[in-house]
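Peer 1: Give the three-dimensional model of this entry:
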Amino acid sequence: MIKDPPPAIPQGVASQRVADILAERILSGDLAPGARIKQDELAEELATSRIPVRDALRILEARGLVTMRANAGARVTSLTRRDLEVSYEIRERIEPLLLADSVPHLTDADVADLRDVMERNARTTDVDEAIALGREFHWITYRRHSVPLLAQIVERVWDTTQSYRRAYMKLAMAAPHSEAGRTHDVEHQLLYEAVAKGEVETAQAALVMHIRRTRSGLLRYGHLLSDGAMPIPLT
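Peer 2: Numbering: from 1, shown residues only. Prediction:
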């Protein structure tokens, strides 16, 4: 008996699968800012046609993770020093709004989740785990928001700056007598306590302080940040 061929994967599903794989590589640092994405090689690697790859790149371009130029192909988005500074200025203004919208609606279970993630983050010495736990920590504080537009903006800024945060954290944690980890933990503790008590303005102040310190650190290390092909341009 001749068996029917397996059903074809719908193009939209295939495109999203490729987009998810590429996004994971970018956010994990496997693909550094400025790295060229070769569509033919990617299609061959993932055993798909160029159409899902092209559509996936458009999805990631909309997320800010990929930059596409006519006659120049696709590259992982890279930021200038000014881009990075503006990204953190956006965070300072938007994330407190998202936090204020969410905090009054957080449940006891949310606060318990927040404490658990904070404690795990304080124990880790792995940069990639720290980044993932940091994102989870902040997102728990925002999880009861009712303003998806703000959440989308925040997530986009997080994604486009993640490679730079990773490089900065590696440098900061490796520095002799570094206080970066301890300061980070104290800031999370202050934010946690304010959120747990429902003190919105105090939580906002702690969040702004946390974001601002990270921005200052990134800019202070900006001329040194490099991870393979990942420098921060100074222009």
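
Peer 1: what are the ranges of the helices in this protein?
Peer 2: Assigned helices in the chain, in chain order: 11-27, 39-45, 50-63, 81-102, 108-123, 127-142, 148-174, 180-197, 200-220 (criterion: DSSP state H).

Peer 1: Asn212 and Pro33, how far apart?
Peer 2: Actually, residue 212 is Arg rather than Asn. 23 Å (C-beta to C-beta, to the nearest Å). Every C-beta, even on glycine, is put in place using the N, C-alpha and C of the backbone.

Peer 1: If you could redo that for Ala196, that was the one I meant.
Peer 2: Counting by C-beta to C-beta - Ala196 and Pro33 are separated by 37 Å.

Peer 1: Then Ile21?
Peer 2: 18 Å.

Peer 1: of these two, who's got more company?
Peer 2: Pro33 (27 against 14; other C-beta atoms under 10 Å).

Peer 1: my guess is the more buried one meets Thr77, correct?
Peer 2: Yes: Pro33 is within contact range of Thr77, at 6.4 Å (criterion: C-beta atoms under 8 Å).

Peer 1: Next up, the contacts around Leu99.
Peer 2: 141-142, 195, 200, 203-204, 207 (C-beta atoms under 8 Å, 6 or more residues apart in numbering).

Peer 1: Could you rerun that using 10 Å?
Peer 2: 138, 141-142, 145, 150, 191, 194-195, 200, 203-204, 206-208 (C-beta atoms under 10 Å, 6 or more residues apart in numbering).

Peer 1: Would you point out the most distant pair within those residues?
Peer 2: Based on C-beta to C-beta, the longest span within those runs between Leu150 and Ala194 and measures 19.5 Å.

Peer 1: Right, I'll leave it there.
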